[in-house]
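Turn this into a structure:
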Amino acid sequence: MTEPQNPIKIYDRPVAVAGATGKQGGAVARRLLVRGHRVRALTRDTSKPAARALAAIGAEVVEADLNDRASLDAALRGAGAVFSVQNFLEAGVEAEVRMGLALTEAAAAAQVGHIVYSGASTMDRNTGVPHLDSKWRIEQRVRALEVPWTVFRPAAFMDNWNWDREAIEGDGVLSLPLRPDTPYRQIAVADIAAMAVTALEQPQVWAGQIAPLAGDVATPLEIAATFARVLGRDVRYAQMSWATCRETQGEDLTLMYRYFDDFGMDGVPAYLRRWHPEAQSLEVFLRAQGWGAGAAVA
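This is a model prediction of the structure:
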């Protein structure tokens, strides 16, 4: 692909953003608004604080239920493009597939100009991991559309470290079920949003393209060393047992980690930075999030 001299903008019609009150959808909606685009934020509950916050910065917030095709048809009427993402953690993988397919079909029926779908790393490999295989089913339908499409397959979210912040900052312990030398690929949600918006702004470049996304690759031991630098204290890696992983994170995520440990993940940071030079490494992300604020750097 070659970068265009005059990217096509999408100011004339709104971009419909699914999951607009969640991590990825919210990040995409905010970036679109900052860059001057019209945003139609899709949500089941327009009274949610996140929905009201988007409305306050200029988004058109509309009620849309991914389980209700009629509401999707109404929400997508007149949209110029669609950003599609679903979260299996909310309702399970079968619901994820059902909602993803419904949004895809509604986008095609509305004759939008472009659909950008965000799935996950390795989802095309027949992994046997339910929430990766579900995304592959949605991707296949997206790619069968006559509507121009782009698919991104992001690696693990750097943002998810915030769930373990107390243990890492307080106890100096980082824990995953991966072997200490297994490469683990990550990306900041804000950088996924940057790529989604790039694709929407440059359809002549990105239509028909599939790209794995990773902003950082490091082993658990290297990740622990990064946390130590940021926090200014010792951080050790304690490999979690598979039994503990299953007990604390469930079968689906355990299968995912096993797959990553055995077969690896996709995405090359250099590729991401070709299109988005500001893409964050894990260390840059952690510092921007305020980890170790005020601590002396080792």
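
What is the top helix by length along the chain packed up against?
Identified as the longest helix of the chain according to DSSP state H is helix 242-263. Counting contacts by 3 or more Cβ pairs under 8 Å, 6 or more residues apart in numbering; DSSP states H and E, helix 242-263 packs against helix 130-143. Quick note: C-beta positions are derived from backbone N, CA and C, even for glycine.

ok so, going back, ok and the longest helix of the chain relative to helix 130-143, angle-wise?
Counting by axes from the mean of the first three to the mean of the last three Cα atoms, to 10 degrees, helix 242-263 lies at 40 degrees to helix 130-143.

So for helix 242-263, could I get the coordinates as PDB, restricted to C-alpha?
Provided in PDB are the C-alpha atoms of helix 242-263 (Å, rounded to 0.1, in the frame of the first residue of the first chain):
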ATOM      1  CA  TRP A 242      -3.100 -22.900  34.500                       C
ATOM      2  CA  ALA A 243      -5.500 -24.100  37.200                       C
ATOM      3  CA  THR A 244      -5.400 -20.600  38.800                       C
ATOM      4  CA  CYS A 245      -5.900 -19.000  35.400                       C
ATOM      5  CA  ARG A 246      -9.000 -21.100  34.800                       C
ATOM      6  CA  GLU A 247     -10.300 -20.400  38.300                       C
ATOM      7  CA  THR A 248      -9.800 -16.600  38.100                       C
ATOM      8  CA  GLN A 249     -10.200 -15.800  34.400                       C
ATOM      9  CA  GLY A 250     -12.400 -18.600  33.100                       C
ATOM     10  CA  GLU A 251     -12.000 -21.300  30.500                       C
ATOM     11  CA  ASP A 252     -12.200 -19.100  27.400                       C
ATOM     12  CA  LEU A 253      -9.300 -16.800  28.400                       C
ATOM     13  CA  THR A 254      -7.300 -19.800  29.700                       C
ATOM     14  CA  LEU A 255      -7.600 -21.400  26.200                       C
ATOM     15  CA  MET A 256      -6.500 -18.100  24.700                       C
ATOM     16  CA  TYR A 257      -3.400 -17.900  26.900                       C
ATOM     17  CA  ARG A 258      -2.500 -21.500  26.100                       C
ATOM     18  CA  TYR A 259      -2.800 -20.800  22.400                       C
ATOM     19  CA  PHE A 260      -0.600 -17.800  22.700                       C
ATOM     20  CA  ASP A 261       1.900 -19.700  24.800                       C
ATOM     21  CA  ASP A 262       2.100 -22.500  22.300                       C
ATOM     22  CA  PHE A 263       1.700 -20.800  18.900                       C
END
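
helix or strand right after that helix?
helix 269-275 (DSSP states H and E).

buried stuff in that following helix?
269, 272, 275 (16 or more other Cβ atoms under 10 Å).

thinking again about what came up before, what sits up against the longest helix of the chain?
88, 93, 122, 125, 127-132, 176-179, 182, 184, 240 (Cβ atoms under 8 Å, 6 or more residues apart in numbering).

Recalculate using a threshold of 6 Å.
Residues from elsewhere that reach helix 242-263, judged by Cβ atoms under 6 Å, 6 or more residues apart in numbering: 127, 129-131, 177-179, 182.

what about that helix, average pLDDT?
Rounded to a whole number, the mean pLDDT of helix 242-263 is 96.

How far off centre is that helix?
Its chain's C-alpha centre and that of helix 242-263 lie 20 Å apart, by Cα atoms, centre = their mean, to the nearest Å.

before we move on, the earlier item: let me know the closest of the buried residues of helix 269-275 to Arg229.
Pro269 (18.1 Å; Cβ to Cβ).

Figure out the length between the terminal residues of stretch 115-133.
20 Å (Cα to Cα, to the nearest Å).

got the buried residues for that stretch?
Neighbour-count burial for stretch 115-133 [16+ other Cβ under 10 Å]: 115-124, 127, 129-133.

What of stretch 247-256?
Applying 16+ other Cβ under 10 Å to stretch 247-256 flags 252-256 as buried.

just the strands in the chain please.
Secondary structure of the chain (DSSP state E): strands at 15-17, 39-43, 60-63, 81-84, 115-118, 149-154, 156-157, 173-174, 184-187, 209-213, 216-218, 236-237.

Would you tell me which of these gets closest to Arg137?
Among the strands of the chain, strand 115-118 sits nearest to Arg137 (Cβ to Cβ), with 11.6 Å.

any idea of the mean pLDDT in that closest one?
The pLDDT scores in strand 115-118 average 97.

Show me how far the lowest-mean-pLDDT helix or strand in the chain is from its chain's centre.
The least trusted helix or strand in the chain, going by mean pLDDT, DSSP states H and E, turns out to be helix 88-91, with a mean of 78. Put simply, helix 88-91 sits 14 Å off its chain's centre (Cα atoms, centre = their mean).
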